[in-house]
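Visitor: With the sequence up front, the predicted model follows.
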Amino acid sequence: MSSMLELCDISKNFGDIKAVEAVSLKVNEGEMLGLVGPNGSGKSTLLKIMLGISKPSSGRIVLNNWELTEKDWRQFRKQIGYMPERVSFYDNLTGRETLELFARVKGGSPANAIELLKKVGLENTVDRKVGGFSKGMRQRLNLGQALTNDPDFLVLDEPTSGLDPVGTKEFYKILSDVRERKNLTVVLSSHILAEIEDKIDRVAVMKAGSISAVGSLEELYSGLNLPMRLHILIKDRDTEVEELLRREGATDINYKDSRLTASISRADKVRILSAIMERKESLDDISLREPNLEEVFFGIH
């Protein structure tokens, strides 16, 4: 079954509190969609609606152009893997016993527990009790339980919470290996924007319970008309280069430690670079940086 999921005008209220309001969002088969926003923006509530854990107050959920009924949900859940931000394990069970338990609950194969422990880098914990696991090991086991049913649709809620940089890098390597093996659709919720910007295909920006923008980073850059950042490595400060940049429309010009920086619009990029190259004998290096996901986030209102 395809894992293309569409949310149509979804709202979720908790009494007078509107946690999610009029959200429409399509998750394409095989993509990694980043759901970003500050804490309290409604991300976790929206994920639970995608999972069928929480029913929306209004709106429709469509799978493969077919509105899901309760019977359809039962079938779709068999394809879903879910890695919550926080998960509780039985401390007296071993890594193998834990994944065997989750496999039985979710309809997977308990016989694959040891292979799955290897896949998430826990091959040395087969007979080790979970009570002695570190935070990073628990997160790996959390990913392992999400994969016990070999899902087609994987939902990750703040999956690297509490991990150090090495653990975070290893986590995304494991996820990449899984995606290379099968056509896996992933929805990844995070508030750490810099961490996911080079890993996602599209991003949905959530603020105050609503989707403020959705698209590839390139689409959001263009739509917001955010400036690019120009970096010039220059041996000695050259005020004529700075003046040239001002004349050509560059803004936020600064010089520090042999590096001249400025913001330039995408429309002016070619003209400004051409003008700078007329003084290339003064320059050691030039680079341009696209806006990052954090700048996109704060540029959306």
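Guide: Ah, there it is.
Visitor: Can you give me the domain assignment for the chain?
Guide: Listed by automatic domain parsing, the domain ranges of the chain are 1-79+152-164+183-215, 222-299.
Visitor: quick one: average confidence on the longest one?
Guide: Okay, so that is domain 1-79+152-164+183-215. Taken as a whole, domain 1-79+152-164+183-215 carries a mean pLDDT of 89.
Visitor: Could you do the last one as well?
Guide: For domain 222-299, mean pLDDT rounds to 85.
Visitor: Please compute how far it lies from its chain's middle.
Guide: 29 Å (CA atoms, centre = their mean, to the nearest Å).
Visitor: Would you mind measuring the gap between the ends of it?
Guide: With CA to CA, to the nearest Å as the measure, domain 222-299 spans 12 Å from end to end.
Visitor: Let me see the contact set for R271.
Guide: E248 (CB atoms under 8 Å, 6 or more residues apart in numbering). (Each C-beta comes from the backbone N, C-alpha and C, glycine too.)
Visitor: what's the answer for R279, then?
Guide: 238, 240-241, 244.
Visitor: do that again at 7 Å, thanks
Guide: Contacts for R279 (CB atoms under 7 Å, 6 or more residues apart in numbering) come out as 240-241.
Visitor: ok, so what distance separates it from V20?
Guide: 53 Å (CB to CB, to the nearest Å).
Visitor: Can you show me the CA trace of stretch 88-105 as PDB?
Guide: C-alpha atoms of stretch 88-105 as PDB (Å, rounded to 0.1, in the frame of the first residue of the first chain):
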ATOM      1  CA  SER A  88       9.500   4.000  28.700                       C
ATOM      2  CA  PHE A  89      11.100   0.600  28.500                       C
ATOM      3  CA  TYR A  90      11.000  -2.200  31.100                       C
ATOM      4  CA  ASP A  91      14.400  -1.900  32.800                       C
ATOM      5  CA  ASN A  92      14.500  -5.600  33.700                       C
ATOM      6  CA  LEU A  93      14.300  -6.700  30.000                       C
ATOM      7  CA  THR A  94      17.300  -7.100  27.800                       C
ATOM      8  CA  GLY A  95      17.700  -5.300  24.400                       C
ATOM      9  CA  ARG A  96      16.700  -8.400  22.600                       C
ATOM     10  CA  GLU A  97      13.700  -9.100  24.900                       C
ATOM     11  CA  THR A  98      12.500  -5.500  24.500                       C
ATOM     12  CA  LEU A  99      12.500  -5.600  20.700                       C
ATOM     13  CA  GLU A 100      10.800  -9.100  20.700                       C
ATOM     14  CA  LEU A 101       8.100  -7.600  22.900                       C
ATOM     15  CA  PHE A 102       7.500  -4.700  20.600                       C
ATOM     16  CA  ALA A 103       7.500  -7.000  17.600                       C
ATOM     17  CA  ARG A 104       4.800  -9.200  19.100                       C
ATOM     18  CA  VAL A 105       2.700  -6.100  20.000                       C
END
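Visitor: So which residues make contact with that stretch?
Guide: By CB under 7 Å, 6+ apart, stretch 88-105 touches 109-110, 112-114, 116-117, 122, 125-131, 138, 141, 144-145, 148.
Visitor: Give me the buried entries from those residues.
Guide: By neighbour count, with 16 or more other CB atoms under 10 Å, those hold 112-113, 116-117, 122, 125, 129-130, 138, 141, 144-145, 148 as buried.
Visitor: Out of the residues you listed, flag the one nearest to P38.
Guide: Of all those, the one sitting nearest P38 is R138; the distance, using CB to CB, is 25.0 Å.
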